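A.B. asks: quick one, what's the 3D model for this:
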Amino acid sequence: VYKPGQLRDLRAGTLKVDKIRDSEVRVRVFGDAAVVTGKRVSTVSYKGRDVSDVTRFSQFYALGEKGWRCVSTQVTSIRPDPDRA
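C.D. replies: Next up, the predicted model:
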C-alpha cells in the first residue's frame, strides 16, 4: 500500500519503479488470519538516485465480510547500504 506522498511522487515521475520481483513467498493460513512472507528485489529510483533494495517482507491479512484484507505490512532491508557505512 502506497502512502499519499509516494503516489504523488509516482504520478510526478520523481519516484520510478522499474521492477519488483518477489521470491521465496510462503503463505500460512490460521483460520481467519494469514501471514505472507518472502524476499523482494526492487529496482527503484528517487529524484534520479538509485534506491534499489533487497528486502524481506511480512504481510498480515484478516478475513472479513468483504474477503481478505491486508491489515499490516513489515519490510526489512537485507542488503547493506554502502552510503550508510
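
A.B. asks: the helices in this protein, which residues?
C.D. replies: 4-12 (DSSP state H).

A.B. asks: how about the strands in it?
C.D. replies: 15-30, 33-46, 49-50, 53-64, 67-77 (DSSP state E).

A.B. asks: next, the buried residues of the fourth one.
C.D. replies: Pointing back at strand 53-64 there. Buried residues in strand 53-64, defined by neighbour count with 16 or more other Cβ atoms under 10 Å: Gln59, Tyr61. Any C-beta I mention is one placed from the backbone N, CA and C, and that applies to glycine too.

A.B. asks: what's the angle from it to strand 67-77?
C.D. replies: 160 degrees (axes from the mean of the first three to the mean of the last three Cα atoms, to 10 degrees).

A.B. asks: residues contacting strand 53-64, please?
C.D. replies: Applying Cβ atoms under 8 Å, 6 or more residues apart in numbering, the set of residues contacting strand 53-64 from outside is 32-42, 44, 68-79.

A.B. asks: give me the below-cutoff pLDDT ranges for the chain.
C.D. replies: Residue ranges of the chain with pLDDT under 70: 1-2, 80-85.

A.B. asks: only alpha carbons, please: show stretch 13-26 as PDB.
C.D. replies: Only the C-alpha atoms of stretch 13-26 are listed here, as PDB (Å, rounded to 0.1, in the frame of the first residue of the first chain):
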ATOM      1  CA  GLY A  13       7.800  10.800 -12.100                       C
ATOM      2  CA  THR A  14      10.000  11.700  -9.100                       C
ATOM      3  CA  LEU A  15       9.700   8.100  -7.900                       C
ATOM      4  CA  LYS A  16      10.200   5.500 -10.700                       C
ATOM      5  CA  VAL A  17       9.700   1.800 -10.100                       C
ATOM      6  CA  ASP A  18      11.400  -0.300 -12.800                       C
ATOM      7  CA  LYS A  19      10.900  -3.800 -11.500                       C
ATOM      8  CA  ILE A  20       9.800  -5.600  -8.300                       C
ATOM      9  CA  ARG A  21      10.500  -9.300  -8.100                       C
ATOM     10  CA  ASP A  22       9.200 -11.500  -5.200                       C
ATOM     11  CA  SER A  23      10.600 -14.900  -4.400                       C
ATOM     12  CA  GLU A  24      10.600 -17.400  -1.500                       C
ATOM     13  CA  VAL A  25       6.900 -16.500  -1.000                       C
ATOM     14  CA  ARG A  26       5.200 -18.500   1.700                       C
END
